[in-house]
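Trainee: got a sequence here, can you model it:
(2 chains)
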There are 2 protein chains.
Amino acid sequence: MPCPSPRDMQSDIHLIGSGQTRFGELWDKGIRDLMEEATDAAINSSPCTALDIDMVIVSNMLAEVTNGQAHLAAIASSLLPHHPPAIRVESACGSGAFALHTACAMLESGRARNVLVIGVEKMTDVSVDTVASALMGAADSEQERPAGLTFPGIFGLITQRYMHEYGLTRDELSLVSAVHHRNACENPFAQFRLPVTPDAVTKSAMVSNPLRLLDCSPISDGAAACILSTEHAGAARLVASQIASDSLSIVDRPTITSFSATKDAAERALAEAEITLKDVRILETHDCFSTAALINLEDLGFCDPGEAIGIYHNLWRGGSPLDGARGRLPALGVNLSGGLKGCGHPVAATGIKQLIDVSKQLQKTGDRYGLAHNFGGAAATCGIHILESIS
Amino acid sequence: MPCPSPRDMQSDIHLIGSGQTRFGELWDKGIRDLMEEATDAAINSSPCTALDIDMVIVSNMLAEVTNGQAHLAAIASSLLPHHPPAIRVESACGSGAFALHTACAMLESGRARNVLVIGVEKMTDVSVDTVASALMGAADSEQERPAGLTFPGIFGLITQRYMHEYGLTRDELSLVSAVHHRNACENPFAQFRLPVTPDAVTKSAMVSNPLRLLDCSPISDGAAACILSTEHAGAARLVASQIASDSLSIVDRPTITSFSATKDAAERALAEAEITLKDVRILETHDCFSTAALINLEDLGFCDPGEAIGIYHNLWRGGSPLDGARGRLPALGVNLSGGLKGCGHPVAATGIKQLIDVSKQLQKTGDRYGLAHNFGGAAATCGIHILESIS
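Mentor: The predicted structure follows:
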């Protein structure tokens, strides 16, 4: 198809600006306020003005139900004075990564040179029951929902099976949330900046056996925004953007203790970036429930199936995560932001926030490569982005 | 960004396969059934097998509310044996065009070579009140909704203002629906294959003064699917794909009798296709309410503001639509499918179905160029695609 605009793009996609709201119960802010705050911060941190943005991709999962608001593309466009074209993308809790992937295609096609990507969710304006039901939209409405399952229920089943297969104990599982909470204390945007001990996790209220309250990422409001550009250079460039899909229902899968969409996306992302997993030193992974963090580390290839708890043992005692016999890799920052558990999980904002956090951590540590791993539902969809720091 | 797959794409995007369900009240089919039926028809009409599809873009607006189902990307992917990557795109009633635009970027970026685009809506499983409320998600939840407006209410206001500005009469307005209904009689996929007279439109039940029942597109179930390809050639190629945005709320606009998103998208689409409006001989335009069809013909440039009813006078008496003093163009097929009024309007399927119908009509008439015009809400977002027949 002929493209009327000059294709003077450079081939690299740079992350040139980013911003986010605090995640939490933000009673005094509406969905538009959240989008605006994150957008302003992203533009202000970039070499762009608002008028340089030639497309907006907005990710949101729940607003139809929680805010009576679809059609967020028009709102996102209206945040900028010149109303650039805008598209809403949704892939449940993985919406953020899917918006980033769409933005990459827009840039690579030459249809845009500076794309604003906004993820937003405003979950606390409705009852917990309404949110829990809306979140079940990420599962199969013809299978899991009629069975009476909620998402904690689905991950409760997954956790029971994982414990059965690998001998993980309840006390060990508690290390995951404790590590993430400790990390979140350092993050000014996190919903929960309070340390919790593994014992506190184990003793917190039962949600879905064996998952306890402190194993579950919370209901949150928040927005995150970033600007991807082929026109300007930034401190990091995207060297991989991959998405993958699996069966929506866990019933249709050969196993529930491993997620094939993560494996597929990871394999393709590493190939696209032309690196190996050993090069990845910063990781933000989708710990919607504690068990997910373990499965993710295994599916991404950082350790063998059933071995991921060893990484959290190391992290909890402050050692290098991959010390000892069970680790393969020399050094890895895991959810240094606090992850979904510590930061909060305004679902469609999470994937954007992960990329922002990977970028910040690369700048801080001086490491070269970081990976953001975001999935939807029980990983029926997965998006992976790899950032390379430029220094 | 380096792309690992070989970029042996051709530059043109071809429409190589298409299919749809009948639109209507399809009580015996679920949302997955509808997607599957349209997908199978699209693949069977193409030179592809299912395994050739390397990405799926699915457009849907309402399923979170009407079916408790978000995350349609995973369902769409599961329709194919190899679970290719899939993305859901939403832009209210314009979702279909926005999915097509996203597919174009994926093809142009080289990330895909054969993209299946599915639009689906399953609206009749819930009460009319629930659907009406869900559709109001396409308007501004902080402005129109608290004012008590529904979408017929919004277009009622628009129609009152249009009548005031241009002297359109109620009897004249009835010609629009009568023409679309007559056209729908020829369309085996249309929800309403029954002719209605202008008098019947005028005398149908009042919905929102001055709009009557037969001015309003109905609540419908249905799916439409097409395959866009840079690998295979088809009977038509896409020579333009453009999207545009406006303020979500009509309150924030300088006029409500013209839609700037249509004008923006049309101007850019004609430039991209390197044609003028005189070259367009087939048009499918977004007649969600009768008045919209008139405004659209004016915004697209087929006639001056206030003059579009002249086209429908000509169409109704069976003449060339642009006969007489008020027309500018020699021959134009307008909503020969029956439009949204005659075919039904399963909202996110409409934009895909429009493209399919333009393609069919080009094949039938031997004309070269056709245009599909799809918008969301009160044209807060708009997508335009231009097809060129290859013969």
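
Trainee: going forward, measure contacts and count neighbours with C-alpha atoms only.
Mentor: Will do.

Trainee: output stretch A:14-25 as CSV, nothing but the C-alphas.
Mentor: In CSV, the C-alpha atoms belonging to stretch A:14-25 read as follows (Å, rounded to 0.1, in the frame of the first residue of the first chain):
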residue,chain,number,x,y,z
HIS,A,14,13.4,4.1,21.2
LEU,A,15,11.7,4.6,24.5
ILE,A,16,11.9,8.4,24.7
GLY,A,17,9.5,9.3,27.5
SER,A,18,7.5,7.7,30.3
GLY,A,19,5.3,8.5,33.3
GLN,A,20,2.8,7.0,35.6
THR,A,21,0.4,7.8,38.3
ARG,A,22,0.8,6.3,41.7
PHE,A,23,-1.1,2.9,41.7
GLY,A,24,-3.7,2.5,44.4
GLU,A,25,-7.2,3.4,45.5
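
Trainee: now do that stretch: distance to the chain's middle.
Mentor: The chain centroid and the centroid of stretch A:14-25 are separated by 12 Å, computed with Cα atoms, centre = their mean, to the nearest Å.

Trainee: quick check: buried residues in it?
Mentor: For stretch A:14-25, a neighbour-count test (16 or more other Cα atoms under 10 Å in any protein chain shown) marks A:14, A:15, A:16, A:17, A:18, A:19, A:20, A:21, A:22, A:23, A:24, A:25 as buried.

Trainee: now name the helix or strand holding the nearest residue to residue A:50 once chain neighbours are set aside.
Mentor: Closest residue to residue A:50 apart from its sequence neighbours, by Cα to Cα, 6 or more residues apart in numbering or on different chains: residue A:80 at 6.1 Å. Assigned by DSSP states H and E, residue A:80 belongs to no helix or strand.

Trainee: for residue A:80, grab the count of nearby residues.
Mentor: 19 (other Cα atoms under 10 Å in any protein chain shown).

Trainee: can you list the residues of the stretch 151-300 of chain A near chain B?
Mentor: A:238, A:239, A:240, A:243, A:244, A:245, A:246, A:247, A:248, A:271, A:272, A:273 (Cα under 8 Å from any Cα of the partner chain).

Trainee: dump the buried residues of stretch A:14-25 to a markdown table, plus pLDDT and secondary structure.
Mentor: Output for the buried residues of stretch A:14-25, formatted as a markdown table (pLDDT from 0 to 100; DSSP: H, G, I helix; E, B strand; the rest coil):
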| residue | pLDDT | secondary structure |
| --- | --- | --- |
| A:14 | 98 | strand |
| A:15 | 98 | strand |
| A:16 | 98 | strand |
| A:17 | 98 | strand |
| A:18 | 98 | strand |
| A:19 | 98 | strand |
| A:20 | 98 | strand |
| A:21 | 98 | coil |
| A:22 | 98 | coil |
| A:23 | 98 | coil |
| A:24 | 98 | strand |
| A:25 | 98 | coil |
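
Trainee: pull the most distant pair out of the residues you listed.
Mentor: A:14 and A:25 (31.9 Å; Cα to Cα).

Trainee: that older thread, ok, the residue nearest to residue A:50 to residue B:245 distance?
Mentor: 11 Å (Cα to Cα, to the nearest Å).

Trainee: next: residue A:389.
Mentor: 34 Å.

Trainee: isn't the residue nearest to residue A:50 up against residue A:51?
Mentor: Yes: using Cα atoms under 8 Å, residue A:80 makes contact with residue A:51 at a distance of 7.2 Å.

Trainee: just the ones of the residues of the stretch 151-300 of chain A next to chain B in strands?
Mentor: Within these, residues falling in strands by DSSP state E are A:238, A:239, A:240, A:243, A:244, A:245.

Trainee: any idea how far residue B:314 is from the last one?
Mentor: Translated: residue A:245. According to Cα to Cα, residue A:245 and residue B:314 sit 51 Å apart.

Trainee: the two: which is more packed in?
Mentor: residue A:245 (30 against 17).

Trainee: wait, isn't the more buried one in contact with residue B:88?
Mentor: No: in this structure, residue A:245 is not within contact of residue B:88 by Cα under 8 Å, at 12.0 Å.

Trainee: got any residues that touch both of those two?
Mentor: Residues touching both residue A:245 and residue B:88 (Cα atoms under 8 Å, 6 or more residues apart in numbering or on different chains) are residue B:73.

Trainee: check which helix or strand residue A:358 maps to.
Mentor: Per DSSP H and E: helix A:347-365 holds residue A:358.

Trainee: list the helices and strands that helix packs on?
Mentor: strand A:13-20, helix A:95-108, strand A:114-122, strand A:221-229, strand A:280-284, strand A:369-376, strand A:381-389 (3 or more Cα pairs under 8 Å, 6 or more residues apart in numbering or on different chains; DSSP states H and E).

Trainee: can you dump the C-alpha coordinates of it into CSV?
Mentor: What follows is helix A:347-365, C-alpha atoms only, in CSV (Å, rounded to 0.1, in the frame of the first residue of the first chain):
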residue,chain,number,x,y,z
VAL,A,347,-4.7,-4.4,34.8
ALA,A,348,-4.2,-2.6,31.5
ALA,A,349,-1.6,-0.2,33.0
THR,A,350,0.6,-3.0,34.2
GLY,A,351,2.3,-3.9,30.9
ILE,A,352,3.3,-0.3,30.3
LYS,A,353,4.5,0.2,33.9
GLN,A,354,6.6,-2.9,33.6
LEU,A,355,8.4,-1.5,30.6
ILE,A,356,9.0,1.8,32.4
ASP,A,357,10.4,0.0,35.4
VAL,A,358,12.7,-2.1,33.3
SER,A,359,14.0,1.1,31.7
LYS,A,360,14.5,2.8,35.1
GLN,A,361,16.3,-0.3,36.5
LEU,A,362,18.6,-0.6,33.5
GLN,A,363,19.6,3.1,34.0
LYS,A,364,20.2,2.5,37.7
THR,A,365,22.2,-0.8,37.5
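
Trainee: and that helix, what's buried?
Mentor: Buried, per 16+ other Cα under 10 Å, within helix A:347-365: A:347-363.

Trainee: between it and strand A:381-389, how big is the angle?
Mentor: 20 degrees (axes from the mean of the first three to the mean of the last three Cα atoms, to 10 degrees).

Trainee: just want the angle from helix A:347-365 to strand A:13-20.
Mentor: 110 degrees.

Trainee: the inter-axis angle of helix A:347-365 versus strand A:280-284?
Mentor: 150 degrees.

Trainee: against residue A:277, how distant is the residue of the stretch 151-300 of chain A found nearest chain B?
Mentor: Residue of the stretch 151-300 of chain A nearest chain B, by Cα to the nearest Cα: residue A:244 (4.6 Å). According to Cα to Cα, residue A:244 stands 18 Å off from residue A:277.

Trainee: quick check, pLDDT for the residue nearest the centre of chain A.
Mentor: With distances taken as Cα atoms, centre = their mean, the residue of chain A nearest its centroid is residue A:351 (3.2 Å). Note on residue A:351: pLDDT of 98.

Trainee: residue A:69 too?
Mentor: So residue A:69 comes in at 98 (pLDDT).
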